[in-house]
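Novice: heads up, no residue letters with this:
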């Protein structure tokens, strides 16, 4: 074990206060795998797995031991560093532990099983501020849930469902303030350029039939590509980034390729946000193979300007490892009317959050970084809007939307 590896493992022991980690051989292999994943043009974790046809369950072999060790090293240290501390991105002579945690999650995603049907269940919502006489609190309004499944082979079907979710307090603290306000069942809030009332009431699932979709026979298009195209994408992160995320390198370096004279930093941040949203859309809507899912996560982690920020909570309270775009500033100037309490300036950034246990997508969310304007009473970390993945994956039986509400 070299000095660099020894330092990392010493940090693990100090933080976890647990017995010594696995053998030197396993540890060295795990760290080597993660280093390879971070290398330009690399990113493929060398966990030995038998060749298989798409659609068959993954058979986990000895490679899982090494991948698990890599995940333990990365995830154990996620969120422990601060600016200038060991593991902080950009600190000379240290390992970017936050980014390694995301790469470890990607290694988990690559080991996911497949099946005959792909399904995804997602929620989206917008946060609003209620300024009651008894105290201010936040709610989630404009909330809805969608469920989609599709068969891999033609003739196996495809269906879409959606339902409206009840408006509700955002956090337990907001719920306490809502109760102090008398637990109202409706919320009148300023939304864009008018007042709107959201109600604490859900609707049943809506669908035109259990087999009805864009192409009821299955094998249709997803985000403009056929199932065959999604399944045959390369698993090389650099090549995948060229195909799915585009270039935009000049803008990310601070240039303004449009020649419009706009703020180049904002242009770069907009491109970073586009990368995050595009990745989230593919991971939550397209039936890609586990290898491609993992490669896309690695590709996003390597994009210019994308930051690995450690552990965050998603809108459903789940803990995940996150990548983020640069911070943006927004000013509400009252051009469209509205109460004075809604006006002012705040800063925020887009994040994508992954489950460290499975590598699955948890959420993409716009998160407050500097309070102000309509969110002056909120704290950094407040989720302004989101799309959260309740569940996703492959099955061998035809999926059904969940009967129970997500909260």
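Specialist: The structure has been received and is ready for your questions. Only a predicted model underlies this, so the values are computations on that prediction, with no experimental measurement involved.
Novice: element containing residue 279, please.
Specialist: Element membership of residue 279, judged by DSSP states H and E, is helix 264-285.
Novice: same thing with residue 195?
Specialist: Per DSSP H and E: strand 194-199 holds residue 195.
Novice: that strand pairs with which strands?
Specialist: Sheet pairing of strand 194-199 (DSSP bridges) gives strand 186-191 (antiparallel).
Novice: pull out the buried residues from the partner strand.
Specialist: Neighbour-count burial for strand 186-191 flags 187, 189-190 (criterion: 16 or more other Cβ atoms under 10 Å). In short, each C-beta sits where N, CA and C put it, glycine included.
Novice: who's in contact with stretch 170-190?
Specialist: Stretch 170-190 is contacted from outside by 127-130, 132-141, 167-169, 195-201, 315, 338-339, 342, 374, 383, using Cβ atoms under 8 Å, 6 or more residues apart in numbering.
Novice: at 6 Å what do you get?
Specialist: 127-128, 130, 132, 134-135, 137-140, 167, 169, 195, 197-200, 338, 342 (Cβ atoms under 6 Å, 6 or more residues apart in numbering).
Novice: please apply the same query to stretch 385-404.
Specialist: 114-126, 147, 149, 161, 205, 284, 314-316, 361, 363-366, 406.
Novice: how about the strands of this protein, start to end?
Specialist: For the chain, the strands defined by DSSP state E occupy 117-132, 135-151, 158-164, 168-169, 186-191, 194-199, 221-222, 225-226, 307-313, 319-324, 328-332, 344-354, 361-370, 383-395.
Novice: mean confidence score for the fifth one?
Specialist: By that I understand strand 186-191. For strand 186-191, mean pLDDT rounds to 91.
Novice: with the second one instead?
Specialist: Mean pLDDT, taken over the full extent of strand 135-151, equals 91.
Novice: elements contacting that strand?
Specialist: strand 117-132, strand 158-164, strand 168-169, helix 172-180 (3 or more Cβ pairs under 6 Å, 6 or more residues apart in numbering; DSSP states H and E).
Novice: cool, the third one as well?
Specialist: Contact partners of strand 158-164 among helices and strands, from 3+ Cβ pairs under 6 Å, 6+ apart: strand 135-151.
Novice: between the strand it packs on and strand 383-395, how many degrees?
Specialist: Here the directions of strand 135-151 and strand 383-395 differ by 20 degrees (axes from the mean of the first three to the mean of the last three Cα atoms, to 10 degrees).
Novice: contacting residues around strand 135-151?
Specialist: 117-130, 157-165, 167-170, 174, 177-178, 180, 187, 198, 218, 377, 399, 401.
Novice: mind listing the residues bridging to the residue lying closest to residue 162 once chain neighbours are set aside?
Specialist: Distances taken as Cβ to Cβ, 6 or more residues apart in numbering place residue 146 nearest to residue 162, at 4.6 Å, with adjacent residues excluded. Per DSSP bridges, the residues bridged to residue 146 are residue 122, residue 162.
Novice: excluding chain neighbours, what is closest to residue 199?
Specialist: In space, residue 199 is closest to residue 186, 4.8 Å off (Cβ to Cβ, 6+ apart).
Novice: quick one: that neighbour from residue 141, how far?
Specialist: 10 Å (Cβ to Cβ, to the nearest Å).
Novice: one step back: taking the contacts of stretch 170-190, please make a PyMOL selection of just the buried ones.
Specialist: Remark: buried members of the contacts of stretch 170-190, expressed as a PyMOL selection using 16+ other Cβ under 10 Å:
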select buried, resi 127+128+130+137+138+139+140+167+169+198+200+338+342
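Novice: need the pLDDT of residue 311.
Specialist: pLDDT, residue 311: 94.
Novice: pick out the shakiest of the strands of the chain, pLDDT-wise.
Specialist: For the strands of the chain, mean pLDDT drops lowest on strand 221-222, to a mean of 60.
Novice: dump the residue contacts of residue 102.
Specialist: 301, 308, 321.
Novice: what do you get for residue 297?
Specialist: Neighbouring residues of residue 297 by Cβ under 6 Å, 6+ apart: residue 106.
Novice: begin at 54 from here
Specialist: I'll keep to 54 as the first residue from here, and by that count the last item is residue 350.
Novice: check what pLDDT it gets.
Specialist: pLDDT, read off for residue 350, is 96.
Novice: distance of it relative to residue 294?
Specialist: Per Cβ to Cβ, residue 350 is found 11 Å from residue 294.
Novice: next, the buried residues of stretch 149-156.
Specialist: Neighbour count says stretch 149-156 has 149-156 buried, by 16+ other Cβ under 10 Å.
Novice: could you list the buried residues of stretch 452-460?
Specialist: Within stretch 452-460, the residues that count as buried by 16+ other Cβ under 10 Å are 452, 454.
Novice: ok, now stretch 166-177?
Specialist: 167-168, 170-177.
Novice: shaky segments in the stretch 204-353 of the chain?
Specialist: 261-277, 300-319 (pLDDT under 70).
Novice: ok, 90 please
Specialist: Across the stretch 204-353 of the chain, residues meeting the criterion (pLDDT under 90) sit at 204-213, 223-225, 243-248, 260-286, 296-323, 337-342.
Novice: closest to residue 320 out of the strands of the chain?
Specialist: Nearest to residue 320 among these is strand 381-385; the distance by Cβ to Cβ comes to 11.2 Å.
Novice: what angle separates that closest one from helix 317-338?
Specialist: For strand 381-385 against helix 317-338, the angle by the same axes, to 10 degrees is 100 degrees.
Novice: and the contacts of strand 381-385?
Specialist: 322, 395-396, 398, 400, 426.
Novice: if any of those residues are buried, put those into a PyMOL selection.
Specialist: A single PyMOL command is used to select the members of these judged buried by 16+ other Cβ under 10 Å:
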select buried, resi 322+395+396+400+426
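Novice: distance to residue 342 added to the contacts of strand 381-385, as CSV?
Specialist: Below are these laid out as CSV (distance: Cβ to Cβ, whole Å):
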residue, distance to residue 342
322, 31
395, 45
396, 48
398, 44
400, 38
426, 43
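Novice: ok, residue 425 - contacts?
Specialist: 397-399.
Novice: quick one, what contacts the nearest residue to it once chain neighbours are set aside?
Specialist: Closest residue to residue 425 apart from its sequence neighbours, by Cβ to Cβ, 6+ apart: residue 399 at 3.9 Å. Counting by Cβ under 6 Å, 6+ apart, residue 399 makes contact with 425-426, 428.
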